[in-house]
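Undergrad: could you look at this predicted model? Sequence included:
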Amino acid sequence: MLSSSDYGALRAFAAVAEESSFSRAAQTLGVSPSALSQMVRGLEDRVGARLLNRTTRSVSLTETGRMLLDRIRPAMGDLGAAVQDVRSTNGRPAGTVRVHAFRVAAELFLAPMLAQFTRDYPEIVLDVTLDDKVSDIVAGGFDVAIRLGETIERDMVAIRLGPDLRQVAVASPAYLAEHGTPSTPDDLLHHRCIRWRWPGRGAPYAWEFHEKGRWFTVAVDGPLIADSRGFGIAAAATGAGIAFAIEEAVAPYVRDGRLVPLLEAWSAPFPGFFLCYPQQRHMSPALRAFVDRLKSTS
């Protein structure tokens with residue numbers, strides 16, 4: 001049996017590991033950084049190994065610390081779920097649901113349901129991270145993610161949200177008047193293209209097109225690279241170049257004439273966004289309420 005001090009020390013260690021910071025973890029747990037540091041050092045003394053590498057600027061897990069975190073994270077998740085279940089028996093589902101979502105996916109599926117969801121479940125807190133990086137859901141401490149189907153690990157539960165998507169090239173009327181309109185995807189090699197980089201990856205994304213039953217890519221070039229699709233679309237609307245994004249994201253710009261779709265004959269549909277989460281023995285009532293609501297409104 002764990003003593004109360006052992007449990008507190010493990011919880012302290014897990015918080016520091018998740019936040020990569022003693023000060024942020026201390027705020028989360030409601031203790032002082034010095035008290036938190038003492039608890040972690042006491043745990044290291046009891047297990048006889050260093051669990052965290054500390055510098056004046058950063059905190060990282062040692063290999064032993066990573067092994068310990070991997071072992072205790074599921075158990076702590078189960079304990080948290082158990083407490084939430086008890087709270088839920090006294091009323092509504094309660095607790096925190098940590099969500100990782102691609103930015104466009106959050107605009108399309110998450111934002112429209114938030115107002116009603118928060119009214120219906122006032123004791124649920126949605127902790128939402130908007131990031132186009134393909135993160136490990138479990139390692140990141142997330143309960144659920146909304147992302148493109150092609151980026152989902154095979155062992156995840158995946159629920160389709162919405163129809164297929166298409167990506168289209170777009171440019172402003174001013175840009176086209178000055179530089180001309182590309183007639184084929186290869187013509188893009190002679191244009192100023194606004195490129196996008198998957199967060200966490202080195203090379204910019206190569207634009208994908210479809211012709212005669214096959215997909216092919218064009219490695220475009222241009223004066224601007226960004227890790228935000230929205231920033232690239234807005235830049236294209238100013239005349240900075242040609243952007244490439246899903247139709248839903250550029251639709252408002254196209255409707256008001258700020259952007260013009262290009263090369264649509266080469267833009268084919270592909271599987272869109274999915275809600276995904278790890279297979280698990282137990283799903284908390286709060287997570288179940290969120291999943292069910294997103295499914296019903298998408």
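TA: Thanks, I have the structure now. Nothing here was measured: the structure is a model prediction, and the numbers come from that model.
Undergrad: for residue 103, list the residues it contacts.
TA: 130-132, 228-230 (Cβ atoms under 8 Å, 6 or more residues apart in numbering). Where you see a C-beta, it was placed from the backbone N, CA and C, and this is true even at glycine.
Undergrad: mind checking which of those residues are in strands?
TA: residue 130 (DSSP state E).
Undergrad: the contacts of residue 103, buried ones only, as a ChimeraX selection?
TA: In ChimeraX, this line selects whichever of the contacts of residue 103 come out buried by 16 or more other Cβ atoms under 10 Å:
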select :131,132,229
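Undergrad: go through the contacts of residue 103 and name the one nearest residue 274.
TA: Nearest to residue 274 among the contacts of residue 103: residue 132, at 15.0 Å, using Cβ to Cβ.
Undergrad: so how far is stretch 126-141 off the chain centroid?
TA: On the basis of Cα atoms, centre = their mean, to the nearest Å, stretch 126-141 sits 4 Å off its chain's mean C-alpha point.
Undergrad: and the contacts of residue 103 as a markdown table, adding pLDDT and distance to residue 148?
TA: Conversion of the contacts of residue 103 to a markdown table gives the following (pLDDT from 0 to 100; distance: Cβ to Cβ, whole Å):
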| residue | pLDDT | distance to residue 148 |
| --- | --- | --- |
| 130 | 90 | 15 |
| 131 | 84 | 13 |
| 132 | 83 | 10 |
| 228 | 86 | 16 |
| 229 | 88 | 12 |
| 230 | 90 | 16 |
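Undergrad: and which of the contacts of residue 103 is nearest residue 76?
TA: residue 131 (23.7 Å).
Undergrad: got any ranges where the stretch 51-200 of the chain has weak pLDDT?
TA: 56, 77-91, 200 (pLDDT under 70).
Undergrad: can you give me the strands in it?
TA: Using DSSP state E, counting those that start in this stretch, the strands of the stretch 51-200 of the chain run over 52-54, 59-61, 95-101, 124-130, 144-148, 156-161, 167-171, 194-196.
Undergrad: possible to save these as JSON lines with distance to residue 274?
TA: Below are those laid out as JSON lines (distance: least, Cβ to Cβ, whole Å):
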{"stretch": "strand 52-54", "distance to residue 274": "35"}
{"stretch": "strand 59-61", "distance to residue 274": "30"}
{"stretch": "strand 95-101", "distance to residue 274": "11"}
{"stretch": "strand 124-130", "distance to residue 274": "17"}
{"stretch": "strand 144-148", "distance to residue 274": "7"}
{"stretch": "strand 156-161", "distance to residue 274": "5"}
{"stretch": "strand 167-171", "distance to residue 274": "17"}
{"stretch": "strand 194-196", "distance to residue 274": "20"}
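Undergrad: residue 292: which of those strands is closest?
TA: Taking Cβ to Cβ, strand 156-161 is the member of these nearest to residue 292, at 10.2 Å.
Undergrad: tell me what that closest one is packed against?
TA: strand 273-278, helix 285-297 (3 or more Cβ pairs under 8 Å, 6 or more residues apart in numbering; DSSP states H and E).
Undergrad: quick one: strands adjacent to the first one?
TA: Same thing as strand 273-278. strand 144-148 (antiparallel), strand 156-161 (antiparallel) (DSSP bridges).
Undergrad: dump that strand to PDB, keeping only the CA atoms.
TA: Written as PDB, here are the backbone C-alpha positions of strand 273-278 (Å, rounded to 0.1, in the frame of the first residue of the first chain):
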ATOM      1  CA  PHE A 273     -11.400  15.200 -39.800                       C
ATOM      2  CA  PHE A 274     -11.900  12.600 -37.100                       C
ATOM      3  CA  LEU A 275     -12.300  12.600 -33.400                       C
ATOM      4  CA  CYS A 276      -9.900  10.100 -31.900                       C
ATOM      5  CA  TYR A 277      -8.900   8.800 -28.500                       C
ATOM      6  CA  PRO A 278      -6.900   5.900 -27.000                       C
END
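Undergrad: show me where the protein has helices.
TA: Counting by DSSP state H, one finds helices in the chain at the ranges 4-19, 22-29, 33-47, 63-89, 103-105, 111-120, 173-179, 229-237, 247-255, 285-297.
Undergrad: quick one, which of the ones you listed is nearest to residue 203?
TA: Comparing these by their distance to residue 203 (Cβ to Cβ), the top pick is helix 229-237, with 15.9 Å.
Undergrad: buried ones in that closest one?
TA: Neighbour-count burial for helix 229-237 [16+ other Cβ under 10 Å]: 229, 232-237.
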